[in-house]
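S.K.: Here is the input, now give the coordinates:
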Amino acid sequence: MKILILRLSSLGDIVLTQPVSAWLREHYPEARIDYMVKEQYLELVPLLGCSLNPLTYQKTLKAHLELKKEQYDLVLDLHAKLSTWLLRLAAQGKKSSVYNKERRRRKKIVKGKRGLDIRSTVDLYKSALDKLFPDLQLEDPRLYPVADTALPAFDPAPKRILLFPGALHNTKRYPSLYYKQLIDMSPRDWQYIILGSPGEAALCEDIARGNSAMSMAGKFSFSQILALMQSADWVISADSGPMHLAAGLQRPQIAIFGATHPSLGFAPQNPNARILVANLACQPCSLHGSKLCPENHFNCMRMIKPEQILGILEGPGIAPVS
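M.R.: Numbers count the residues shown, from 1 in each chain. Reported below is the predicted structural model:
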């Protein structure tokens, strides 16, 4: 049995496909399961568990023609873009299936249709399997860190808190000023580590400027980030990829929603998650966020005060993984 899974990006979406991979591995233990992603996400694939074989997405004609030679029994398209349609066409699997994005339902939610929601994007990815294997059940996404991952030696602290302030679009980002205020009003012996992609280094450095927080954006691999999360008491993020990493480890986390909303299926699948959302009449204003608030007030984020976050952090949480 040879299976090809197509999900080229991005970080959070790849994590949310993990239950599909886990189900396939459980039911086809001897199968070769190839998982195709863009090069920057290759390291993430083994962290999904399930003994997956990572493949690098390449746009070349040669790479597409090579897929047909693999003679896949099953091709699952969990991206549903033109690029993955071309890959499915090239692979010519004996069976293939594409997930249902629920575009119409999501558009209605964005336009303010109350009472509609999507429990989780995991359910949408499950739809690709439903077409072939009815009545199946999927678990929540789980990640499997690499044992003994090397990390810098951090000083011990009563609480270690990881901040991921970045997001692809501005309206998904919690205000930097509020993060600064949170750090300033926290006990001085708490340890804040601010993380993100290399492109978010300036944002992280700005938040750390003038306080004791450490800005370390772009310095860690995915494996190291998971190891750091296991060592942390709390992980704070927007609706972003790192939010789903923390959920995949079931770490205590605070997920802050602005332009988007959990009703779109983006809520972290984690019993240890605390979700902060203002639930304004204008939320959600978009599916993935935008550059500016359409209402020019950004109250969806401004109404979530640092004091509210601090109150959660002062709770017990769960002990870090030793």
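
S.K.: helices or strands up against the helix or strand harbouring E26?
M.R.: Element membership for E26 (DSSP states H and E) is helix 18-27. In terms of contacts (3 or more CB pairs under 8 Å, 6 or more residues apart in numbering; DSSP states H and E), helix 18-27 is packed against strand 2-6, strand 32-37, helix 121-130. Where C-beta positions appear, they are placed from N, C-alpha and C, glycine not excepted.

S.K.: Serialize these to CSV and add fields for mean pLDDT and distance to H288.
M.R.: Listed next are the helices and strands packed on helix 18-27 as CSV, based on pLDDT from 0 to 100; distance: least, CB to CB, whole Å:
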stretch, mean pLDDT, distance to H288
strand 2-6, 98, 20
strand 32-37, 98, 19
helix 121-130, 96, 12
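
S.K.: Leaving out the residues flanking it, which one is nearest to S96?
M.R.: V75 (4.1 Å; CB to CB, 6 or more residues apart in numbering).

S.K.: before we move on, what about L226?
M.R.: Closest to L226 by CB to CB, 6+ apart is P145, at 4.1 Å.

S.K.: Next: H27.
M.R.: Nearest residue to H27, sequence neighbours excluded (CB to CB, 6+ apart): F133, at 7.9 Å.

S.K.: one step back: taking strand 32-37 as reference, get the angle to the helix holding E26.
M.R.: Interaxial angle, helix 18-27 versus strand 32-37 (axes from the mean of the first three to the mean of the last three CA atoms, to 10 degrees): 170 degrees.

S.K.: Would you mark the buried spots in helix 18-27?
M.R.: For helix 18-27, burial by neighbour count (16 or more other CB atoms under 10 Å) applies to 18-25.

S.K.: just stretch 187-204 next, same as before
M.R.: In stretch 187-204, counting by 16+ other CB under 10 Å, buried: 190-197, 200-201, 203-204.

S.K.: Please flag which of those sit within strands.
M.R.: Mapping those onto strands (DSSP state E) picks out 191-194.

S.K.: Compile those into TSV and extend it with columns for distance to L151 and pLDDT.
M.R.: Converted to TSV, those look like this (distance: CB to CB, whole Å; pLDDT from 0 to 100):
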residue	distance to L151	pLDDT
Q191	13	98
Y192	16	98
I193	11	98
I194	16	98
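
S.K.: Tabulate these (JSON lines), appending distance to V98.
M.R.: Formatted as JSON lines, those follow (distance: CB to CB, whole Å):
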{"residue": "Q191", "distance to V98": "45"}
{"residue": "Y192", "distance to V98": "42"}
{"residue": "I193", "distance to V98": "39"}
{"residue": "I194", "distance to V98": "38"}
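
S.K.: While we're on the residue nearest to L226, how confident is the model there?
M.R.: With respect to pLDDT, P145 has a value of 94.

S.K.: quick one, phi/psi of it?
M.R.: The phi/psi pair for P145 (degrees, to the nearest 10) reads phi -60, psi 150.

S.K.: which residues sit in contact with it?
M.R.: 47, 223, 226-227, 230, 249 (CB atoms under 8 Å, 6 or more residues apart in numbering).

S.K.: Confirm that L163 sits in a helix.
M.R.: No - assigned with DSSP: H, G, I helix; E, B strand; the rest coil, L163 falls outside any helix and is strand.

S.K.: So that it lines up with my notes, have the first residue be 22 from now on.
M.R.: Understood, numbering begins at 22; the last thing we discussed is L184.

S.K.: circling back to that earlier point, from P40, how far out is the residue nearest to H48?
M.R.: With the distance defined as CB to CB, to the nearest Å, F154 ends up 13 Å from P40.

S.K.: which SSE is P208 in?
M.R.: Following DSSP H and E, there is no helix or strand that holds P208.

S.K.: Does the nearest residue to G133 once chain neighbours are set aside fall in a helix, a strand, or a coil region?
M.R.: Distances taken as CB to CB, 6+ apart place A302 nearest to G133, at 7.2 Å, with adjacent residues excluded. Following three-state DSSP, we place A302 in the coil state.

S.K.: how many neighbours does A302 have?
M.R.: Using other CB atoms under 10 Å, A302 has 7 other residues around it.

S.K.: same thing with A178?
M.R.: By other CB under 10 Å, 14 other residues sit near A178.

S.K.: Quickly note the distance from the closest residue to it other than its chain neighbours to L63.
M.R.: Distances taken as CB to CB, 6+ apart place Q212 nearest to A178, at 3.6 Å, with adjacent residues excluded. Separation of Q212 from L63 (CB to CB): 31 Å.
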